[in-house]
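# structure for the following, please:
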Amino acid sequence: MARRARWDDEQDARAAEEAAPQSCWLCGRLLGKRVEWHHPIPKSRGGRTTVPVHPICHRTIHATFSNVDLARHVEDGVSLTQNPAIQRFLGWIGNKPPDFNAPTRKAR
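Numbers count the residues shown, from 1 in each chain. Coordinates of the predicted model:
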């Protein structure tokens with residue numbers, strides 16, 4: 001019986017964690033109704049783990065970095081937020097509502 005109660009407690013804790021508002025992996029703002037899942041290490045480079053991001057943040061990541069660049073950032077331990085283009089984006093998006101959407105320009 002104690003084992004069953006412990007399992008129920010773990011399930012309740014997991015459900016509460018999933019129900020709690022999550023924040024975006026890139027910008028840190030609370031997530032809105034639309035959530036996308038980003039592979040910090042691209043699937044083409046063997047990545048399996050995903051993190052929640054806003055759609056606009058996800059588009060910005062892929063407009064700024066190639067899969068090779070993303071893998072290199074992880075290997076080198078360098079945060080994507082060190083990139084000047086991402087820093088400008090984060091400054092701009094920081095005060096927008098969670099479900100804010102706008103066109104994303106490709107990097108030059």
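# please make it C-alpha for all contacts and neighbour counts, starting now.
Will do.
# assign Phe89 to helix, strand or coil.
Using DSSP: H, G, I helix; E, B strand; the rest coil, the structure places Phe89 in helix.
# also Gly32?
Per three-state DSSP, Gly32 ends up coil.
# and the strands in the chain?
Ranges of strands in the chain, per DSSP state E, are 36-38, 51-53.
# just put the ones you listed in TSV and tack on mean pLDDT and distance to Val74.
Formatted as TSV, these follow (pLDDT from 0 to 100; distance: least, Cα to Cα, whole Å):
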stretch	mean pLDDT	distance to Val74
strand 36-38	95	13
strand 51-53	96	14
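# looking at those, which is buried most?
When the strands of the chain are scored by mean count of other Cα atoms under 10 Å, the highest mean neighbour count falls to strand 51-53 (a mean of 20).
# and that one, which strands flank it?
In the sheet, strand 51-53 lines up against strand 36-38 (antiparallel) (DSSP bridges).
# need the residues that contact the partner strand.
With Cα atoms under 8 Å, 6 or more residues apart in numbering as the test, strand 36-38 has contacts from 50-55, 58.
# centre of the chain to stretch 86-95, how far?
15 Å (Cα atoms, centre = their mean, to the nearest Å).
# neighbouring contacts of it?
27, 29, 60-61, 64, 80-81.
# let's go with 10 Å and repeat that
Applying Cα atoms under 10 Å, 6 or more residues apart in numbering, the external contacts of stretch 86-95 come out as 26-29, 56-57, 60-61, 64-65, 80-81, 83-84, 100-101.
# so which of those belong to helices?
Filtering the contacts of stretch 86-95 for membership in helices, criterion DSSP state H, returns 56-57, 60-61, 64, 84.
# bridging residues for Glu36?
Beta-bridge pairing of Glu36 under DSSP bridges involves Val53.
# roughly how far apart are it and Asn83?
Distance of Glu36 to Asn83, given as Cα to Cα, to the nearest Å: 22 Å.
# what stretches of the protein score poorly on pLDDT?
1-21, 106-108 (pLDDT under 70).
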